[in-house]
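Colleague: fold the stuff below for me.
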Amino acid sequence: MNTPHPIPVDGLVPPPGCPAHGMAQSGLVRLPEITDPARTYEGLRRQYGPVAPVLLHGDIPAWMVLGYRENLEVMRTPKLFSRDSRRWNAFIENRVPAESPLMPMVGWQPLCVFADGAEHARLRGAIVDGLSQFNRRGMRKYVTHYTRQLVAGFAADGTADLVRNYAEPLPMLVVSRLLGMTPDKGPLLVEPTLDLVRGSETAAASNAVVTQVLQELVAYKRTAPGDDLASRLILHSSRLTDTEVIEHLRLTLVAAHQGTVNLIAHTLRLILTDRRFRGNLSGGHMTLPDALEQVMWDNPSIATIPGRWATSDTTIGGQHVRKGDLLMLCIAAANVDPEQRPDLGVPMHGNRSHLALSAGPHECPGGDIGRAIADTGIDELTSILPDMALAVPETEIGITSNWLTTRPDALPVRFTPPRSLGDLHPVNGAPPAAQPLPAAAAQGPLPARPPGAVAARRRSWWRSLLSR
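Modeller: The predicted structure follows:
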């Protein structure tokens, strides 16, 4: 270690082999209990440099990669830092129980994110080809359709929580349909998917719920394929097994939903609280994509990516990493690395060199889908409710943090209800027809609103479901 007498940092303690490891039993907060991620990351950077020792659930040691250059090195060097979690010392030594909240995220599965080389190329190729069918025009119609449906559920009240009522359900409604699910499934998967990423004690149970829905979807699409991601994966030339199809659908669902929820929530918070951005957006001096890019620098949707596993003993960031050690890629810390951004006050408009979508062979293949959902959704929302304003002081906006992500707790707003709520809602307060809607259909017209649709204060179908 490059620090002879390390001082414990809030939320993190050194792993075995570090002189301060004995302090791990003194009741210090572990990684899952971090309450102030930014402060913790900078404390670690000052103490250890660009790579720091941490403890995960169950006091299992790992390395947190904080530096921008070091993150790129790990991302772009799969021969030294593998994605195959079966290499992990903790797995080999049976130190991770089956019920551990780490398992849904790091337990090996037949997925492209846990593969290297030719196998990675085979699996990733199927995902890339499957996602390529969703063009931006089709995406806009889906997002506009569901944005209007969601707003109709709360607009009459003149108040809403934009996290709970909008940012959380919108991506799931859109992505679940792209996967080929019926309209009733999306709302049921919002909370299990969020819980899965939190690393909570119920993460394994939530993972089982999501997996069960996907198993049923794949079984159905085997007999009735359509123009959706599930069918594309089943029929792809890579000849994926049912298990591989299910796991890649789960990966896409969880990553696209969680990532887009956080992107929408952070961008809405920025627009509502930062006068520079609010004024520029309304005045036309800065585009919404610029605001989204700024958020991807300052508040990446996935703050920490687990992980990479060292294929041999090596040195990175001044730390000696053993073969089989786990490295956590801290994107949030890398994006504000003082070497990369010495002045955090300088806007990053037009600069896409952030690591919010990772880099190298495992760069996120669905980044454009998340951007399209957030861009279109926020644009449509602010058009429908142009006078939205926070209903609480900015200082009262809390931040939800877990071992992988951060986002606003809630965004309570007030606004003038639209004059004609019926014009927002394409269906009479009920879910769309319970049958698959092929992705190709998103490029055609949306269902027409029947006469007398949605009375002024009627709750939407999804809101009623979530309140239950």
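Colleague: where does the stretch 301-450 of the chain have low pLDDT?
Modeller: Residue ranges of the stretch 301-450 of the chain with pLDDT under 70: 421-450.
Colleague: quick one: buried residues of the helix or strand containing Leu188?
Modeller: Assigned by DSSP states H and E, Leu188 belongs to helix 185-198. By 16 or more other C-beta atoms under 10 Å, the buried positions in helix 185-198 come out as 185-190, 192-198. For every residue, glycine as well, the C-beta is placed using N, CA and C.
Colleague: which elements pack onto whatever helix or strand comes next after it?
Modeller: Using DSSP H and E, the helix or strand that follows helix 185-198 in sequence is helix 203-223. Under the contact criterion of 3 or more C-beta pairs under 8 Å, 6 or more residues apart in numbering; DSSP states H and E, helix 203-223 touches helix 103-106, helix 185-198, helix 229-235, helix 242-273.
Colleague: what residues sit buried inside helix 203-223?
Modeller: In helix 203-223, counting by 16+ other C-beta under 10 Å, buried: 203-204, 206-207, 209-211, 213-215, 217-218, 220-221.
Colleague: what of stretch 36-54?
Modeller: Burial within stretch 36-54, assessed by neighbour count using 16+ other C-beta under 10 Å, is assigned to 37-38, 40-45, 47-54.
Colleague: what of stretch 52-69?
Modeller: Neighbour counts over stretch 52-69 (16+ other C-beta under 10 Å) mark 52-57, 60-68 as buried.
Colleague: what sits up against stretch 80-97?
Modeller: Contact with stretch 80-97 is made by 58, 60, 74-75, 102-103, 106-108, 113-116, 120, 307-312, 314, 322-327, 362, as judged by C-beta atoms under 8 Å, 6 or more residues apart in numbering.
Colleague: distance between it and the chain's centre?
Modeller: The chain centre lies 24 Å from the centre of stretch 80-97; the measure is C-alpha atoms, centre = their mean, to the nearest Å.
Colleague: and Arg87, what's its pLDDT?
Modeller: At Arg87, the predicted lDDT confidence score is 97.
Colleague: oh, I was asking about Ala20
Modeller: What the model reports as pLDDT for Ala20 is 36.
Colleague: distance check, the residue nearest to Arg322 when sequence neighbours are not counted against Ala219.
Modeller: Excluding the flanking residues, the one nearest Arg322 by C-beta to C-beta, 6 or more residues apart in numbering is Asp313, at 5.6 Å. Using C-beta to C-beta, to the nearest Å, Asp313 is found at 46 Å from Ala219.
Colleague: got a list of what Leu179 touches?
Modeller: Counted by C-beta under 8 Å, 6+ apart, Leu179 has contacts 217, 228-230, 249, 252-253.
Colleague: at 6 Å instead, please
Modeller: 229-230, 249 (C-beta atoms under 6 Å, 6 or more residues apart in numbering).
Colleague: could you dump those to CSV with distance to Leu270?
Modeller: Converted to CSV, those look like this (distance: C-beta to C-beta, whole Å):
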residue, distance to Leu270
Leu229, 30
Ala230, 35
Leu249, 32
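Colleague: are any of the residues you listed buried, and if so which?
Modeller: 229-230, 249.
Colleague: for the nearest residue to Glu339 once chain neighbours are set aside, give me its contacts.
Modeller: Excluding its sequence neighbours, the residue lying closest to Glu339 (C-beta to C-beta, 6+ apart) is Tyr68, at 6.5 Å. Taking C-beta under 6 Å, 6+ apart, we find Tyr68 in contact with 334, 337, 340.
Colleague: residue ranges of the strands in the stretch 351-468 of the chain, please?
Modeller: 389-390, 399-401, 406-408, 412-414 (DSSP state E, counting those that start in this stretch).
Colleague: okay, the ones you listed, which one's buried deepest?
Modeller: Among the strands of the stretch 351-468 of the chain, strand 406-408 has the highest mean neighbour count (mean count of other C-beta atoms under 10 Å), at a mean of 22.
Colleague: in its sheet, what does it sit against?
Modeller: Each strand paired with strand 406-408, and its direction, by DSSP bridges: strand 399-401 (antiparallel).
Colleague: from the middle of its chain, how far away would the strand it pairs with be?
Modeller: That offset, for strand 399-401, works out to 14 Å (C-alpha atoms, centre = their mean).
Colleague: any residues touching that strand, and which ones?
Modeller: Under C-beta under 6 Å, 6+ apart, the answer for strand 399-401 is 34, 37, 406-407, 409.
Colleague: now do stretch 380-397
Modeller: 144, 147, 151, 272-273, 408, 412-416.
Colleague: greatest separation within those residues: which pair is it?
Modeller: Thr144 and Thr273 (25.6 Å; C-beta to C-beta).
Colleague: list the buried residues in stretch 382-399.
Modeller: Quick answer for stretch 382-399 (16+ other C-beta under 10 Å): 382, 384-385, 388, 390-391, 397.
Colleague: no no, stretch 168-181
Modeller: 168-181.
Colleague: report the two of these separated the most.
Modeller: Counting by C-beta to C-beta, the most remote pair of these is Glu168 and Gly180, 21.4 Å apart.
Colleague: circling back: in TSV: the buried residues of helix 203-223, plus pLDDT and distance to Ile369.
Modeller: Shown next, in TSV, are the buried residues of helix 203-223 (pLDDT from 0 to 100; distance: C-beta to C-beta, whole Å):
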residue	pLDDT	distance to Ile369
Ala203	78	24
Ala204	80	27
Ser206	88	23
Asn207	85	22
Val209	90	23
Val210	91	19
Thr211	90	22
Val213	93	20
Leu214	94	18
Gln215	94	23
Leu217	95	18
Val218	95	20
Tyr220	95	23
Lys221	95	20
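Colleague: got CSV for those residues, with distance to Leu263 too?
Modeller: Below are those laid out as CSV (distance: C-beta to C-beta, whole Å):
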residue, distance to Leu263
Ala203, 22
Ala204, 27
Ser206, 21
Asn207, 23
Val209, 24
Val210, 21
Thr211, 25
Val213, 24
Leu214, 23
Gln215, 29
Leu217, 25
Val218, 28
Tyr220, 30
Lys221, 28
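Colleague: assign Pro225 to helix, strand or coil.
Modeller: Under DSSP: H, G, I helix; E, B strand; the rest coil, Pro225 falls in the coil class.
Colleague: contacts only, for it.
Modeller: So Pro225 contacts Ser231 (C-beta under 6 Å, 6+ apart).
Colleague: how close does it sit to Gly180?
Modeller: Distance from Pro225 to Gly180, by C-beta to C-beta: 9 Å.
Colleague: Val128 too?
Modeller: Counting by C-beta to C-beta - Val128 and Gly180 are separated by 18 Å.
Colleague: and if you look at Glu216?
Modeller: 11 Å.
Colleague: same question for Pro104.
Modeller: 22 Å.
Colleague: helices of the stretch 351-468 of the chain, residue ranges please.
Modeller: 367-384, 461-467 (DSSP state H, counting those that start in this stretch).
Colleague: including distance to Met296, could those go into JSON lines?
Modeller: Listed next are those as JSON lines, based on distance: least, C-beta to C-beta, whole Å:
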{"stretch": "helix 367-384", "distance to Met296": "9"}
{"stretch": "helix 461-467", "distance to Met296": "28"}
